[in-house]
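1. Got a predicted structure plus its sequence, pasted below:
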Amino acid sequence: MSAAAPPADERLAPSSLLRRLLGRPELGAVVGAAAVFVFFSFAADSFLRASSLSTVLYSASTIGIMAVPVAMLMIGGEFDLSAGVMVTTSALFSSMFSYQMTANVWVGVLVSLIVTLAVGFFNGFMLTRTKLPSFIITLGTFLMLTGLNLGFTKLISGSVSTKSIADMEGFDSARALFASQWNVGSVTLKVTILWWFALVAVATWILLRTRAGNWIFAVGGGADAARATGVPVVKTRIGLYMGVALCAWISGQHILFSFDVVQSGEGVGNEFLYIIAAVIGGCLMTGGYGSAIGSAVGAFIFGMTSNGIVYAQWNPDWFKFFLGAMLLLATLLNAWVRKRAEAK
Amino acid sequence: MTVTDTGTTTGPAPALVRLTDVSKFYGNIRALQGVSLEVSAGEITCVLGDNGAGKSTLIKIIAGLHRHDAGSFEIEGEETVLANPRAALDHGIATVYQDLAVVPLMPVWRNFFLGSEPTRGRGPLRRLDVELMRRTTRTELLRMGIDLRDVDQPIGTLSGGERQCVAIARAVHFGAKVLVLDEPTAALGVKQSGVVLKYVAAARDAGLGVVLITHNPHHAYLVGDRFVLLKRGTMAGSHTRDSITLDELTRQMAGGSELDELSHELERVAESGSDSTPPSTPPGPGTPSGTTAP
């Protein structure tokens, strides 16, 4: 099958639709998603029901909301290991601040936004100031937040979870914004799906059609070159971390207002799911390449896999193994498709 | 040594950039001493020197990265001290470094406008003027004689010479009056170097003053109008094109008498080790076609 490579000029001449499609970062993820979809369609009878698909979508959206900013950050060449617990921090802060300090949950929700953005700023500021790898900086933030979540919750609430705030003023309107759902026949659609789609759309707009987007790709693909051409590298990086914080806030408020109480130990390990969704979606680990839509497809693969196993009625003990294998396969497929696309 | 002093030409227009007796010290280390150089519009001044001769220091002074400690630095006849690279750019001095300041994975048109992207619309609808960016990139490159098949291809897929040309075209487009090129042909093959030199000449014909830093006298002599030789931080010579031949330039560049000594030494080595064959091609940068015989 190994035909001799044609000369360079012939290679670049044809620019068909197929070629353009192959050049997209999302393509590998789309092919992988299709494969997972077909697989579970056969393996689990109930997988193709509308109600199952809405559950898959919901599950995908909870990861997807965070996968979007994590993908943008990864295009900018950095990681955020604190993204998972930051979601919990944001939810805990809203809940406890509202409960302790005010009568209206909206005050807590808005103060939580400021605090969460401050955590994001801290990550970005420390990264750009110390020039240490983001792996180390955000690992530190991750551990500190994990400790703070547990410590403060026990200190204030006396247990590992927060107290109910369901009877407080503003709870219903906040719930409508962050955790409402609609029943269309037997199908339940949750508002996070809208949040997710909106975030993907906004992120795609930013990445492809704004100066900031150009800077994100440049900072991730060649920070020195970006600096030399006058790109505000530090601001871009800090902005990306604050974007992760913003979405962690949205995600955290969703958890708070759908469950009313927040478990302080939650969120640990989720940061890897976000990163995996972004990588499956075509983001290069080294930065400078990727897409928000790809991260959405990556999150969708996660949603299908985690629920497909349940619908297939397999022993859930195998879930993690299956998930890992699935993700590895999808990534390999993705890499293979990209290699072929580049070689064509 | 034939040293003709620059700065004697008193034409109607002052030189775009003129350095007179410029020195630079890093602590007690003398990086550059008493170097003079000038470049006028539509002219190429070549700065030649071996590693450590002070070429980088000279570039950094012209680009505004370092300030000179002594001597005068005039831009269009006015004595200037550049505070930073931005100030140099504002004076129309654009520097193309060896790493070119391009992001390999990004499309050519995005690289072309990186850091100075044009936008349209306002508020949240403020967006890149993609159409203008694409069109301008294509026409600006065409003007330099580069016919790209696709401005959407990542710039990393271009050859080194083409990338160099895009960087030059970018500097020209953004209003450079003086173009400083740091070893543009250093990492390139013979053919690629030729392509780049063609665009350097094109920039000159467009009315720019060009400062070309190189350690290859053959490349310098192909396009240069003036030649400044640096050696260990001092000026070893300054010539106009009609006052020096390529052979003489190569000889001076290679160290003149030092080269003679070296070739004697090498001969002795070849004689003593009778069975070992001497290297057929002289090691060194570039592709010297005719090395000066002793």
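-> Sure thing, it's come through.
2. ok, residue 169 - contacts?
-> Picking chain A for this. Contacts for A:Glu169 (C-beta atoms under 8 Å, 6 or more residues apart in numbering or on different chains) come out as A:Ala103, A:Asn104, A:Val105. (Each C-beta comes from the backbone N, C-alpha and C, glycine too.)
3. oops, I was thinking of chain B
-> Residues in contact with B:Ala169 (C-beta under 8 Å, 6+ apart) are B:Phe112, B:Glu140, B:Leu141, B:Arg143, B:Met144, B:Ile146, B:Tyr199.
4. What distance do you get for the first one to B:Leu246?
-> What it means is B:Phe112. Relative to B:Leu246, B:Phe112 is positioned 35 Å away (C-beta to C-beta, to the nearest Å).
5. coming back round to it: looking at neighbours, which among the contacts of A:Glu169 is most surrounded?
-> Neighbour count (other C-beta atoms under 10 Å in any protein chain shown) singles out A:Val105 as the most crowded of the contacts of A:Glu169, with 27 neighbours.
6. Around the residue in the stretch 151-294 of chain B that chain A sits nearest to, how many other residues sit close by?
-> Across the stretch 151-294 of chain B, no residue is closer to chain A than B:Gln153, which sits at 7.2 Å (C-beta to the nearest C-beta). When neighbours are defined as other C-beta under 10 Å, B:Gln153 has 16 of them.
7. do A:Val261 as well
-> A:Val261 has 16 nearby residues by other C-beta under 10 Å.
8. Likewise for the one 5 residues further on?
-> Using other C-beta under 10 Å, A:Glu266 has 20 neighbouring residues.
9. Helix or strand: which one has it?
-> Under DSSP states H and E, no helix or strand contains A:Glu266.
10. what's the answer for the one 10 residues further on, then?
-> For A:Ile276, the host element (DSSP H and E) is helix A:270-280.
11. what's the next secondary structure element after that helix?
-> The C-terminal neighbour of helix A:270-280 among helices and strands, as given by DSSP H and E, is helix A:292-311.
12. In that following helix, which residues are buried?
-> A:292-309, A:311 (16 or more other C-beta atoms under 10 Å in any protein chain shown).
13. just stretch B:39-55 next, same as before
-> Neighbour-count burial for stretch B:39-55 [16+ other C-beta under 10 Å]: B:39-41, B:43-50, B:53-55.
14. In strands only, show me those residues.
-> B:Val39, B:Glu43, B:Ile44, B:Thr45, B:Cys46, B:Val47, B:Leu48, B:Gly49 (DSSP state E).
15. could those go into CSV alongside distance to A:Met74?
-> Below are those laid out as CSV (distance: C-beta to C-beta, whole Å):
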residue, distance to A:Met74
B:Val39, 44
B:Glu43, 47
B:Ile44, 44
B:Thr45, 45
B:Cys46, 44
B:Val47, 42
B:Leu48, 45
B:Gly49, 43
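16. Where does B:Ile213 sit: helix, strand or coil?
-> Assigned with DSSP: H, G, I helix; E, B strand; the rest coil, B:Ile213 falls in the strand class.
17. Alright, calling it a day.
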